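Asker: Quick one, what's the 3D model for this:
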Amino acid sequence: MKTIFKISNAIFAILMVFFVISCNKKPVNQIDINVDIDFTIYPNTLEYQELNVVGGYMYLTSPLPSYGIIVYKKSYDEFMAYDRKPLIDNESCPNNRLVVDLPFIVDECNDQRYNILDGFNLNGDGTHLYWYQTEFDGTALRIYN
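Answerer: Purely as a prediction, here's the structure:
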């Protein structure tokens, strides 16, 4: 009985090691944006009027190596902010930036579509767009990483 218990513990430990190692792997085509983003906008103003309604979106500029930010109003008090840099950098494609084609965010150069609500790739491979944290207090929208 003790031998079976020791074998099952050893198998469990080996499986846990493989699980931890596999969880730390990043998809091959996932990008890293190594730039600090931290700014505030005011969606209730005329300058950001596209963000006044649920389902509205805007393209905002940001420092390099980012290609800009897509801000999407998901609900009355919730916003999503995605970097416009595609997961797969296609240098042969001019202006390789993500664009909104509701209800998707599209990488036209690499023929990829992402759900605008959560940023996940619709091909089911588990990759997702690089997103930024957002905080909205009813007046100011802070976007940061």
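Asker: Which stretches in this protein count as strands?
Answerer: 38-41, 57-60, 69-75, 78-83, 99-101, 104-107, 112-115, 131-136, 141-144 (DSSP state E).
Asker: For E47, which of these is the nearest?
Answerer: Closest to E47 of the strands of the chain, according to C-beta to C-beta: strand 38-41, at 8.0 Å. Placement of C-beta: from N, CA and C, glycine included.
Asker: which other residues reach that closest one?
Answerer: E47, Y48, L51, L60, V71, A140, L141, R142, I143, Y144, N145 (C-beta atoms under 8 Å, 6 or more residues apart in numbering).
Asker: CA atoms only for it, dumped as PDB, please.
Answerer: C-alpha atoms of strand 38-41 as PDB (Å, rounded to 0.1, in the frame of the first residue of the first chain):
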ATOM      1  CA  ASP A  38       0.000  56.000 -18.300                       C
ATOM      2  CA  PHE A  39      -2.300  58.800 -19.300                       C
ATOM      3  CA  THR A  40      -5.800  60.100 -18.700                       C
ATOM      4  CA  ILE A  41      -8.500  61.200 -21.100                       C
END
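Asker: Neighbouring strands of that strand in the sheet, and parallel or not?
Answerer: strand 141-144 (antiparallel) (DSSP bridges).
Asker: Just the C-alphas of the partner strand, formatted as CSV.
Answerer: C-alpha atoms of strand 141-144 as CSV (Å, rounded to 0.1, in the frame of the first residue of the first chain):
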residue,chain,number,x,y,z
LEU,A,141,-10.4,57.4,-18.0
ARG,A,142,-6.9,56.3,-17.0
ILE,A,143,-5.1,54.0,-19.4
TYR,A,144,-1.9,52.4,-18.2
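Asker: Need the contact partners of it.
Answerer: Residues contacting strand 141-144 (C-beta under 8 Å, 6+ apart): 37-43, 51, 60, 69, 71, 79, 81, 132-136.
Asker: what distance separates stretch 70-83 from the centre of its chain?
Answerer: Centre-to-centre, stretch 70-83 and its host chain are 11 Å apart (C-alpha atoms, centre = their mean, to the nearest Å).
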